[in-house]
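S.K.: Next come a sequence and a model predicted from it.
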Amino acid sequence: MKIPSISIIIPIYKVEKYLKRCVESVRKQTLTDLEIILVDDGSPDDCPRICDEYLKEDSRIKVIHKQNGGLASARNAGMNMATGKYIFFLDSDDWLELDGMQRLYETAEKYQVDFVRYRAIRTGWPGMEENAPCMVEEIRELQQGLYEKDRIIKEIYPRLLATSQLTMGAVVGAWGSLYRNDFLRKNQLSFYEEVKFSEDLIFSANVVRAANNFYFIDTPCVYHYFYNPNSISKSFREGRWDSCKSLIHYCEKDFANDTTYDFKRELYYLRWFCIMLALNERKYLKGYSEKRAYCKKLLNDPVIRSTKLRLSYFNVTWKQKVVMILVRWKMSGFLARL
């Protein structure tokens, strides 16, 4: 049986408004030799029916119906089914340029790399020009071209997990790359399902560490990263810190004893990145007493209490430094007012 060029995995949960736009952009790709895997992650809306309708219409489509387990779980389910030479993750509220897969496939074949990364297109983001290049913080930016192992170690490892500016690493977003399937399987790369937020961070970090090479396309192409106000939460997320602790745990398990590179500084950055990320949830709470109670709970957590503060390690604003100092002093009242 012929192996598809690319398996496209689409996790689906409560996106009936956007799902057809997403799937149609895949069905119309100029590269037609595709396996399209729709993973219904227990969606409570009309998405399961839409998936089953597509199953009847297109022989390239496969459907998984599963109990809700989160994005990491849905992606893992899709990976287990995928038979393509390459794997691509597509979020179900986003969509592809019609030649997107053709471009990535040809680049991967030309350079024979473990993965190809590209600059996506932001679409519908408030305050941004339509179809603007998907830029990140300067410290995280990549340059066009081929990254061999020596270059990866020199340029990417020092900002792989998190940075001194308290940002994510240089390569995040599982949807931002086309991966060689046998590379992922050989290195047993999958998603930690216990990590519910920023789950891409550790997956992408492990991908980069395992890779011998990758190629980055700097021109905006392939992928429309859509601003969906329903997926970018505007409300308090109760489990944010627990998920952050899972992220810290698995990153330390995977990277603390690496024999190729000393990731201790990057793991330290990651701890503070996660602390600040969880602490930021306080802005979604309304009253001062609620905010203070939340901050107090965080500051009494053993993981935060055991995290030392070395301000000289960080390149952050004075306000961020003040917040970090207040965390170390366990000043929950002052933090609730900021």
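M.R.: All right, it came through fine.

S.K.: domain ranges for this structure?
M.R.: Following automatic domain parsing, one finds the domains of the chain at 1-92, 240-337.

S.K.: Pick the most buried one from the ones you listed.
M.R.: domain 1-92 (a mean of 19; mean count of other Cβ atoms under 10 Å). For the C-beta atoms, the positions are set from N, CA and C on the backbone; glycine is no exception.

S.K.: tell me the mean pLDDT for that domain?
M.R.: Average pLDDT, domain 1-92: 97.

S.K.: got a list of contacts for the helix or strand bottoming out on mean pLDDT in the chain?
M.R.: Using mean pLDDT, DSSP states H and E, the weakest-scoring helix or strand in the chain turns out to be strand 132-133, at a mean of 94. Residues from elsewhere that reach strand 132-133 (Cβ atoms under 8 Å, 6 or more residues apart in numbering): 119, 121-122, 125, 220.

S.K.: quick check, nearest of these to residue 280?
M.R.: residue 125 (19.4 Å; Cβ to Cβ).

S.K.: how many other residues sit next to the nearest residue to that closest one once chain neighbours are set aside?
M.R.: Closest residue to residue 125 apart from its sequence neighbours, by Cβ to Cβ, 6 or more residues apart in numbering: residue 227 at 4.3 Å. Number of residues near residue 227 (other Cβ atoms under 10 Å) recorded here: 14.

S.K.: in terms of contact, does residue 227 touch residue 127 like I think?
M.R.: No. Counting by Cβ atoms under 8 Å, residue 227 stays clear of residue 127, with 10.0 Å between them.

S.K.: can you tell me which strand in the chain is longest?
M.R.: strand 213-226 (DSSP state E).

S.K.: Show me how to select, in PyMOL, the buried members of the contacts of strand 132-133.
M.R.: Entered in PyMOL, the line below selects the buried ones among those, by 16 or more other Cβ atoms under 10 Å:
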select buried, resi 119+121+122+220
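
S.K.: What is the subsequent helix or strand relative to the strand or helix carrying residue 267?
M.R.: Assigned by DSSP states H and E, residue 267 falls within helix 264-279. Counting by DSSP H and E, the next helix or strand C-terminal to helix 264-279 is helix 288-299.

S.K.: Could I get the CA-only coordinates of the helix or strand harbouring residue 109 as PDB?
M.R.: Using DSSP H and E, residue 109 sits in helix 100-111. Below are the C-alpha coordinates for helix 100-111, written out as PDB (Å, rounded to 0.1, in the frame of the first residue of the first chain):
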ATOM      1  CA  GLY A 100       1.200  24.900   2.100                       C
ATOM      2  CA  MET A 101       1.900  21.200   2.300                       C
ATOM      3  CA  GLN A 102       3.500  21.200  -1.200                       C
ATOM      4  CA  ARG A 103       6.000  23.800  -0.100                       C
ATOM      5  CA  LEU A 104       6.900  22.100   3.200                       C
ATOM      6  CA  TYR A 105       7.100  18.600   1.600                       C
ATOM      7  CA  GLU A 106       9.400  19.900  -1.200                       C
ATOM      8  CA  THR A 107      11.600  21.700   1.400                       C
ATOM      9  CA  ALA A 108      11.900  18.600   3.600                       C
ATOM     10  CA  GLU A 109      12.800  16.400   0.600                       C
ATOM     11  CA  LYS A 110      15.300  18.900  -0.800                       C
ATOM     12  CA  TYR A 111      17.300  19.300   2.500                       C
END
